[in-house]
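> Quick one, what's the 3D model for this:
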Amino acid sequence: MKKQITLIAGAAALLALMPLTSCDKIKDELFKAFSANSGSVNFSVAILSDTTRQVKAGEMVQQYNIDSIIKAETSGAFGIDDIDRIIVEEVKVKVNNPDVDNNLANFQDGTVTLSSNTNPTPLTLATGPIPDVYADEKVLPAVSGTDIKGYLKSNTLTYVYNAKLRRPTTKALDCTLNVKFRIE
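Reported below is the predicted structural model:
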């Protein structure tokens, strides 16, 4: 009896999925998009004095396995090859040792790029102005629709923080970067 009920339930599920004529449509029906974070990546900004141009303020390398995160979130049903895209939602830069003379107000703007061991071409994730007011944290506007799936297929990611100084810094800044993205 239990076997018949299981068989009937399986047949019903199959019939319910019949209108979805392809594997992609079935996946799209079963996979629910979710957000994930890169985790905090620490970097240091050396004392900077060049206020004439945007400079490389910091570089961070991170080991990251998005495939295992997708599998954990979907109970092993899906991996990176099953998803359509990964879109950047938010890029946050935080100064962990700010003071009145050394904080994000020292910078006019900031840009965060991403490259990986399988795709060395830098991709801009976020860029934007930074107000001239004391701040230890700033969410830079994400570049709309930036798909980073091809980069996250890699296991070694390199983030670069480029910035244009408003005024020189007088000490090294210990910073943290966090990237939030949507997996669809």
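
> domains of this protein?
Using automatic domain parsing, the domain parsing of the chain gives 1-30, 33-183.

> I'd like the ones you listed as JSON lines, with mean neighbour count appended.
Where C-beta positions appear, they are placed from N, C-alpha and C, glycine not excepted. As requested, those are exported to JSON lines (neighbours: other Cβ atoms under 10 Å):
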{"stretch": "domain 1-30", "mean neighbour count": "10"}
{"stretch": "domain 33-183", "mean neighbour count": "17"}
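
> Of those, which shows the lowest average pLDDT?
Here the lowest mean pLDDT among the domains of the chain goes to domain 1-30, at a mean of 50.

> Wait, residue 102 touches residue 166, no?
No. The criterion here is Cβ atoms under 8 Å, and residue 102 misses it with residue 166 at 12.0 Å.

> Can you tell me how far the nearest residue to residue 166 once chain neighbours are set aside is from residue 162?
Excluding its sequence neighbours, the residue lying closest to residue 166 (Cβ to Cβ, 6 or more residues apart in numbering) is residue 108, at 4.6 Å. Per Cβ to Cβ, to the nearest Å, residue 108 is found 12 Å from residue 162.

> Check residue 113 too.
7 Å.

> For the closest residue to residue 56 other than its chain neighbours, name its beta-bridge partners.
Nearest residue to residue 56, sequence neighbours excluded (Cβ to Cβ, 6+ apart): residue 162, at 5.6 Å. On the basis of DSSP bridges, residue 162 is bridged to residue 56, residue 111.

> so how far is residue 73 from residue 162?
Between residue 162 and residue 73 the computed distance is 32 Å (Cβ to Cβ).

> now swap in residue 42 and tell me
The spacing between residue 42 and residue 73, counted by Cβ to Cβ, is 25 Å.

> likewise residue 60?
Noted for residue 60: a distance of 24 Å to residue 73, by Cβ to Cβ.

> Find the nearest non-adjacent residue to residue 145, please.
residue 87 (6.5 Å).

> looking at it, that neighbour is touching residue 146, isn't it?
Yes. With contacts counted by Cβ under 8 Å, residue 87 reaches residue 146, the gap being 6.6 Å.

> Kindly confirm my reading that residue 72 forms part of a helix.
Yes. Counting by DSSP: H, G, I helix; E, B strand; the rest coil, one finds residue 72 located in a helix.
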